[in-house]
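K.L.:
after the sequence you'll find the predicted model.
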Amino acid sequence: MKKIIWLITPIVGLLLGPLNGCATNNKQVRHETQDTSTSALVTGATGTAEHMASTDYLIHPGDELSIKFFYNPELNDDVVVRPDGKISLQLVDELQASGKTPSQLDQELTELYSAELKKPTITVIMRSFGGQQIFVGGEVGRPQAVKLTPQMTPLQAVMNAGGFLDTADQNSVMVIRADADNQAQTYSVNLEQIADGNSPDLKFQLHPGDVVFIPKTGVAKADVWVDQHIRRFLLFNGFNYSLRRN
């Protein structure tokens, strides 16, 4: 018994040390901003809460667009956004459409065609939506692709994926979204407040292709560490043990 205690004590000390350090570092580096339109915390690691709460639809690969020229119908075209996010049109060749709203694309096309046409009047119409799904992974019951429904929130996506596991860190759910330049923007969302009913008015909508990732809690990570290092070490050396939780 003394031998077992002697072995476990320094190992547990090594385990708790890094965990305490991580907790301290998180407090130092995490910058939380209060979304003025909601009562829940939305932390933008590489973006802003305002951008995250935007409800304007962004064009995505697979979407079908109709480009209408009021005074030049011969240039009218129906196009599908390519996997690289671009479309090809007469006179202006190809341009990036993914990541922009229809009105933004309309404005850009008007500027481009101004060099070819006199006072172009252009309208961008959404004909169909492709790739309407998001991906939920991490500490949920069924990690999977989830069909995106109108105004779906991260919490609704998690419920569609089987809900939170006991090991889920609901305070630091991450949403990863590609911007107009196909660069990943990562956000941290506190879903525990919403699940507890403390922030019922959060206007946060997912976009096609978003990835919702639920990390493990610090305790769950520690349990994995114990299993990988302490328990296997003891079994390898022929010790019988039991770990009880109150």
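P.N.:
That came in fine, so what should we check first? Computed from a predicted structure; not experimentally measured. Residues are numbered from 1 along each chain as shown.

K.L.:
where does the prediction get shaky in the chain?
P.N.:
Applying pLDDT under 70 to the chain picks out residues 1-55, 180, 195-203, 219-246.

K.L.:
go again using 90 as the cut-off
P.N.:
1-62, 83-85, 92-93, 98-99, 118-119, 128-133, 147-151, 171-172, 177-209, 217-246 (pLDDT under 90).

K.L.:
can you verify my assumption that residue 179 contacts residue 186?
P.N.:
No: counting by Cβ atoms under 8 Å, residue 179 does not reach residue 186; the two are 10.9 Å apart. Placement of C-beta: from N, CA and C, glycine included.

K.L.:
how close does residue 113 sit to residue 96?
P.N.:
16 Å (Cβ to Cβ, to the nearest Å).

K.L.:
ends of stretch 189-205, what's the gap?
P.N.:
Stretch 189-205 has an end-to-end distance of 12 Å (criterion: Cα to Cα, to the nearest Å).

K.L.:
related to what we said a few turns ago, neighbour count for residue 113 and residue 96, which is higher?
P.N.:
residue 113 (22 against 17; other Cβ atoms under 10 Å).

K.L.:
name the SS class of residue 193, please.
P.N.:
On the three-state scheme (DSSP: H, G, I helix; E, B strand; the rest coil), residue 193 is labelled helix.

K.L.:
tell me how many other residues crowd it.
P.N.:
Count around residue 193 with other Cβ under 10 Å applied: 18.

K.L.:
ok, residue 58 next?
P.N.:
Residue 58: 20 neighbours (other Cβ under 10 Å).

K.L.:
thought it was touching residue 103?
P.N.:
No: taking contacts as Cβ under 8 Å, residue 58 lies outside contact range of residue 103: 11.1 Å.

K.L.:
now stretch 109-126 - C-alpha only, CSV.
P.N.:
Output of stretch 109-126 as CSV, limited to C-alpha atoms (Å, rounded to 0.1, in the frame of the first residue of the first chain):
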residue,chain,number,x,y,z
LEU,A,109,-20.9,43.2,-60.6
THR,A,110,-22.3,46.7,-61.2
GLU,A,111,-18.8,48.2,-60.7
LEU,A,112,-17.2,45.6,-62.9
TYR,A,113,-19.7,46.0,-65.8
SER,A,114,-19.5,49.7,-65.6
ALA,A,115,-16.3,49.5,-67.7
GLU,A,116,-18.1,47.5,-70.4
LEU,A,117,-21.7,48.9,-70.3
LYS,A,118,-23.4,52.3,-69.9
LYS,A,119,-25.2,52.5,-66.6
PRO,A,120,-25.6,48.7,-66.0
THR,A,121,-28.6,47.7,-63.9
ILE,A,122,-28.0,44.3,-62.5
THR,A,123,-30.0,42.0,-60.1
VAL,A,124,-28.7,38.9,-58.4
ILE,A,125,-31.4,36.3,-57.6
MET,A,126,-31.0,33.3,-55.5
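
K.L.:
quick one: buried residues of it?
P.N.:
109-110, 112-113, 117, 120, 122, 124 (16 or more other Cβ atoms under 10 Å).

K.L.:
domain assignment for the chain?
P.N.:
Domain assignment for the chain by automatic domain parsing gives 2-11+18-55+132-236, 64-128.

K.L.:
how many other residues sit next to the residue nearest to residue 152 when sequence neighbours are not counted?
P.N.:
Nearest-residue entry for residue 152: residue 206, 5.0 Å, with adjacent residues in sequence omitted and distances by Cβ to Cβ, 6 or more residues apart in numbering. Neighbour count for residue 206, taken as other Cβ under 10 Å: 23.

K.L.:
let me have the buried residues of stretch 109-126 in TSV, adding secondary structure as columns.
P.N.:
Shown next, in TSV, are these (three-state DSSP):
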residue	secondary structure
109	helix
110	helix
112	helix
113	helix
117	coil
120	coil
122	strand
124	strand
